[in-house]
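[1] I'll drop the sequence and a predicted model, then ask my questions.
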Amino acid sequence: MIELTKGQELVLATDDGRPRSRIQLGLGWDKLYTAGAMGTGAPDIDLDATAVQFAGEQLFDLAFYNNLQTRDGSVVHLGDNLTGRGDDDDEVLTVDLDRVYQRVDTIVFLVSSYHGHSLEWIDRAYVRLLDEERVEFARFRLTAGVPETGLVMAKLVRDEAGWRLRAIGEGIAVTVPTESVDKLRPFL
């Protein structure tokens, strides 16, 4: 398993060099124990995982809690977790790389706080990549308390050689995924 750092790139291929055809992106988080007024009575933190597909700089489609699947069926959101409670991944996106519409060359993964809480209120947050057998092969941790309400986690980029992932880790001010498109363009 690779622990990704900001700016790092990873070719989406198996150990023997074959391109990966399906991946899962799992998002997990907990509310920081001391979040809110003196750490008590703080509301639950509702983070949302979103995949935004671009063809060049044009929005193609997105998958998130209110649109669970892209039109081409390549990205599927498996359901909304409103609290981050529980073990394992709180939200999951599946990506069938072979089904991604041919003109789509970038898929940006975004985490946003639905109720507008800064990401400083979360603890033990991560995004991880799993292969078809649900074996984790890469992880990116949200650390150092991001003061914004959203985080551009990573992007998948398609070129002649296939798909590669680039870890981004940049905070942006966004709460609702559909309002993020213009803010994501600088990361294309």
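    Yep, it's here. Residues are numbered from 1 along each chain as shown.

[2] Now do residue 18 against residue 132, distance only.
    Here residue 18 is placed at a distance of 11 Å from residue 132 (Cβ to Cβ, to the nearest Å). For the C-beta atoms, the positions are set from N, CA and C on the backbone; glycine is no exception.

[3] Out of those two, name the residue with the larger neighbour count.
    residue 132 (13 against 9; other Cβ atoms under 10 Å).

[4] which residues sit in contact with the more buried one?
    20, 21, 22, 23 (Cβ atoms under 8 Å, 6 or more residues apart in numbering).

[5] Please, which helix or strand holds the residue sitting nearest the centre point of the chain?
    The chain has residue 109 as the residue nearest its centroid, 3.6 Å off, counting by Cα atoms, centre = their mean. Per DSSP states H and E, residue 109 falls inside strand 106-113.

[6] That strand packs against which elements?
    Packing contacts for strand 106-113, counted by 3 or more Cβ pairs under 8 Å, 6 or more residues apart in numbering; DSSP states H and E, involve strand 47-55, strand 122-130, strand 150-159.

[7] Sheet-wise, list the partners of it with their directions.
    strand 47-55 (antiparallel), strand 150-159 (antiparallel) (DSSP bridges).

[8] For residue 76, give me its contacts.
    Contacts of residue 76 by Cβ under 8 Å, 6+ apart are 63, 68, 69, 70, 93, 94.

[9] Please, where are all the strands along this structure?
    2-3, 9-11, 22-31, 47-55, 58-63, 75-77, 91-96, 106-113, 122-130, 136-142, 150-159, 162-172 (DSSP state E).

[10] lowest-pLDDT helix or strand in the chain?
    strand 122-130 (a mean of 81; mean pLDDT, DSSP states H and E).

[11] Please work out which residues outside that one touch it.
    With Cβ under 8 Å, 6+ apart, strand 122-130 has contacts from 23-33, 35, 45, 47, 49, 84, 89, 109, 111, 119, 136-142, 153-154, 165.
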